[in-house]
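Student: Okay, structure incoming, though there's no sequence with it:
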């Protein structure tokens, strides 16, 4: 069992994802600012994990506050939430988590500072448990979509490391394999940050799941050779019409899948669905440092001064998406309708009800 | 002027492409075996450059022979040609160059060992001159296909460094810019060997051509944002029906271009066209070391023991190709007809006639 993040008495403990797969190092953030830095520097990454990490960071900041009254605490709390909200713009789970902590704050506020602290710490820990339960539910729903055997391509890491455990896309793969399907995973290395080679390959091999690593530009050739039966990826934000923002390169994979008649699936918790975002055009796309592209393992590989584009995400229009797997069930086209229906649904979490 | 390869009195001199862009180091191969190693290790790469390098390697091997008679020299020559032919299987220019040297050998053979040596050395040098002239002719033909302004995407390096100078795809871009077109090049970094970031960006920046480097998986997003008006790439082998083998990832770019209604062009000398290969299915695809994928700049980035696919090339079916630019003119669909016509054509080389 991979512990991506954990609440401890010393603070929030993360496996340092920048040092995998060669080193399994854990870091403990003792302040909310350190948690914000861990999110920004991608020590923890993946939309669901970012959401829970932010909630834990907020809980940590409030827990350490010496504010004597609710009014003072509310001011500090606002600052803490703003700091968290400024870490990464695309994953909507971050803002979902902040809103949920804000609601928790206001519900407990009449009972005073001490109770707010208790409730925020509890809420953050509850979100971790719920995230794993949501992933397991996604796994049960999504396993039915997987082929009985053959290659399944994934991009980036939508696994245990992108969540609090089990994973979204990789959770579906894990569940399908548990149910007896004979899947072989093809993992795109996922430039520039290499979540595929460093994280997905690592966690799947830990589970004994057959994994073949490829460079991103090989996906088309693998599809044309008939090696890929389905594609499944995670998401950082899903618009109300089913457009999907996910790791850069996802859109290319979706187009290739369509060209080869291969179903392209997305697995994400309901917290990734942004019903206030009508379509993908409005989703803010984070641009990251040029250095991620011009340097490999710290070594410069491009000429000085070259221009670089480094969007961390792209948007896949809903027409490329065969189904969106959530803990509430599976949405299919037309997504505006199916997602609206799921928005009303009771989450199908084994043993967890919000 | 970039001197990719040169015949010198000491042997064949290459710019070491494994050390660009951070170091401009030249290596001189004094024996044909060293030339073969330079080709295999990609100190020199690019189908046209490989062809001429092999010819120079053969000339070098024969020049150094102490064979007393033609029969003995012919045996040695056969061994030299076999060594060259075993370096890399996909680029047909290698086999074209070997065949041309074999013909030169047989034509000169009646005049004795000394004349064979003289003619082979001359023929190899003539091939270098012809290659540059062919690239300039391709540039003139292909420039007409380029948009008046905007972004042009290229994959891998089909530039001066892939040839004896000027380049095939990059030659077309250079020619279009010389003729007043305002092009901005998007260069795929081209994993795993990074010919895009290391070589294409380097040589275009040397020429003052605006270049934006992207990871391979960003091409789709750039197209969807309207930043790419055309795609142009080189080729390692073109079948008689217009199917194109080129650097891995080319096929994905071609599919993406089709999806976005962007023309996908191929520029290659006639020596890259294999009229004996009916379609792309029969083209041998070189598999290279897993280490190219699992290690970045010498540092391991994937877990021990992960399976890896590392095909160096893929095949783009002719239906994705808008035009093939050669020194003999431009071929368009149906390629079986247009390439058959060009096969009969007199090459349109300024100042060079075979």
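Tutor: Yep, that arrived. The shown structure was predicted, so the numbers you read here are calculated from the model rather than taken from an experiment.
Student: Every contact and neighbour count from this point should use C-alpha atoms.
Tutor: Fine.
Student: What segments of chain A are helices?
Tutor: A:32-40, A:47-63, A:70-85, A:92-108, A:113-143, A:169-178, A:195, A:201-206, A:219-224, A:250-259, A:291-294, A:335-344 (DSSP state H).
Student: Export the ones you listed as TSV, with columns for mean pLDDT and mean neighbour count.
Tutor: TSV is the format used below for these (pLDDT from 0 to 100; neighbours: other CA atoms under 10 Å in any protein chain shown):
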stretch	mean pLDDT	mean neighbour count
helix A:32-40	98	21
helix A:47-63	98	29
helix A:70-85	98	18
helix A:92-108	97	20
helix A:113-143	98	22
helix A:169-178	98	25
helix A:195	98	30
helix A:201-206	98	20
helix A:219-224	98	23
helix A:250-259	98	25
helix A:291-294	97	20
helix A:335-344	97	17
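Student: Rebuild those helices as CSV, extending it with distance to residue B:227.
Tutor: Output for the helices of chain A, formatted as CSV (distance: least, CA to CA, whole Å):
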stretch, distance to residue B:227
helix A:32-40, 28
helix A:47-63, 28
helix A:70-85, 30
helix A:92-108, 27
helix A:113-143, 36
helix A:169-178, 31
helix A:195, 26
helix A:201-206, 33
helix A:219-224, 22
helix A:250-259, 15
helix A:291-294, 19
helix A:335-344, 29
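Student: quick one, what contacts the residue of chain A positioned farthest from its centre?
Tutor: Most distant residue from the mean C-alpha position of chain A: residue A:68, 36.3 Å away (CA atoms, centre = their mean). Counting by CA atoms under 8 Å, 6 or more residues apart in numbering or on different chains, residue A:68 makes contact with residue A:113.
Student: pLDDT score for it?
Tutor: On pLDDT, residue A:68 comes in at 98.
Student: separation between it and residue A:74?
Tutor: 11 Å (CA to CA, to the nearest Å).
Student: same thing with residue A:310?
Tutor: 37 Å.
Student: again, but for residue A:18
Tutor: 34 Å.
Student: now do residue A:8
Tutor: Counting by CA to CA - residue A:8 and residue A:74 are separated by 24 Å.
Student: Residue A:121 now?
Tutor: 16 Å.
Student: May I see the buried residues of stretch A:298-314?
Tutor: Within stretch A:298-314, the residues that count as buried by 16 or more other CA atoms under 10 Å in any protein chain shown are A:300-303, A:306-314.
Student: Need those residues in CSV (columns: pLDDT and distance to residue A:264).
Tutor: As requested, the buried residues of stretch A:298-314 are exported to CSV (pLDDT from 0 to 100; distance: CA to CA, whole Å):
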residue, pLDDT, distance to residue A:264
A:300, 96, 35
A:301, 96, 33
A:302, 97, 33
A:303, 97, 37
A:306, 97, 34
A:307, 98, 32
A:308, 98, 29
A:309, 98, 26
A:310, 98, 24
A:311, 98, 22
A:312, 97, 20
A:313, 98, 17
A:314, 98, 15
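Student: tell me which parts of the stretch 151-300 of chain A are close to chain B?
Tutor: Residues of the stretch 151-300 of chain A lying close to chain B (CA under 8 Å from any CA of the partner chain) are A:190-192, A:194, A:197-198, A:201-202, A:205, A:211-221, A:248-252, A:255-256, A:259, A:293-294, A:296-297, A:299-300.
Student: redo that, cut-off 6 Å
Tutor: A:197, A:198, A:202, A:212, A:213, A:214, A:217, A:218, A:220, A:249, A:252, A:296 (CA under 6 Å from any CA of the partner chain).
Student: end to end, how far does stretch A:13-32 reach?
Tutor: OK, stretch A:13-32 end separation, CA to CA: 12 Å.
Student: What of stretch A:84-101?
Tutor: End-to-end for stretch A:84-101, by CA to CA: 12 Å.
Student: roughly how far is it from the heart of the chain?
Tutor: 12 Å (CA atoms, centre = their mean, to the nearest Å).
Student: any idea how far residue A:101 is from chain B?
Tutor: According to CA to the nearest CA, to the nearest Å, residue A:101 stands 34 Å off from chain B.
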